[in-house]
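**Student:** Got a sequence here, can you model it:
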Amino acid sequence: MKTTSLIILSLLATTRAFAQLDTVSYAKERREIKALLHSPGAANGPAACTDIIMVGAKGDISFSAQEHKAVQTKEKLIFKSVKPVPGTEIIRVYGGTSAVVNWLADVQLNVDGRDLALKVRRLEVYVKKAAGWCRVAGQGTEVDEKMFPVR
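**Tutor:** Down below sits the predicted model:
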């Protein structure tokens, strides 16, 4: 009995671990989200996607798309480009209606008149609404390439 229970528990644990690593199910949804990441400005989604929580590099938090833009204006922050580094996208889709995305961005921006180039690791959450995929949460962390070289 002990052996049977142990085998069943082991199988359940293994199955759960494989399910968490699933990066192939929902191929259509995965392609749609990847297309958003690779289309400039598209990650902001349709006009109906205004319900968002964004955490900035300084730990500041915005509870709407409008607040997020206001923080950028206040900090004199202008994003010139945010491009995914090809092959770094990890997209996990849950039930075909929500997704967690991790990717590396090559960011060109201007802060208070100074141009900067940096790599940022992004973590974003998307939900599928009638209008399409909407980013509802996001956070970016600058990658210190001296400590952690990026390819």
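**Student:** mind listing the strands for this structure?
**Tutor:** Assigned strands in the chain, in chain order: 53-55, 61-62, 77-84, 90-94, 98-111, 114-129, 132-142 (criterion: DSSP state E).
**Student:** Select, out of these, the one closest to residue 69.
**Tutor:** Judged by CB to CB, the one of those that comes nearest to residue 69 is strand 61-62, at 8.4 Å. Every residue, glycine included, has its C-beta placed from N, CA and C.
**Student:** residue contacts, the residue most central in space within the chain?
**Tutor:** In the chain, the C-alpha closest to the average C-alpha coordinate belongs to residue 124, at a distance of 2.6 Å (CA atoms, centre = their mean). Residue 124 makes contact with 43, 100-103, 135, 137-139, according to CB atoms under 8 Å, 6 or more residues apart in numbering.
**Student:** what about 10 Å?
**Tutor:** Under the criterion of CB atoms under 10 Å, 6 or more residues apart in numbering, the contact partners of residue 124 comprise 33, 36-37, 43, 52, 54, 91, 99-103, 135-140.
**Student:** Name whatever forms a beta bridge with it.
**Tutor:** For residue 124, the beta-bridge partners under DSSP bridges are residue 101, residue 138.
**Student:** How confident was the prediction at the closest residue to residue 132 other than its chain neighbours?
**Tutor:** Of all residues beyond its chain neighbours, the one nearest residue 132 is residue 46 (5.3 Å), with distances taken as CB to CB, 6 or more residues apart in numbering. At residue 46 the predicted local distance difference test score is 72.
**Student:** and if you look at residue 79?
**Tutor:** Here the pLDDT value assigned to residue 79 is 85.
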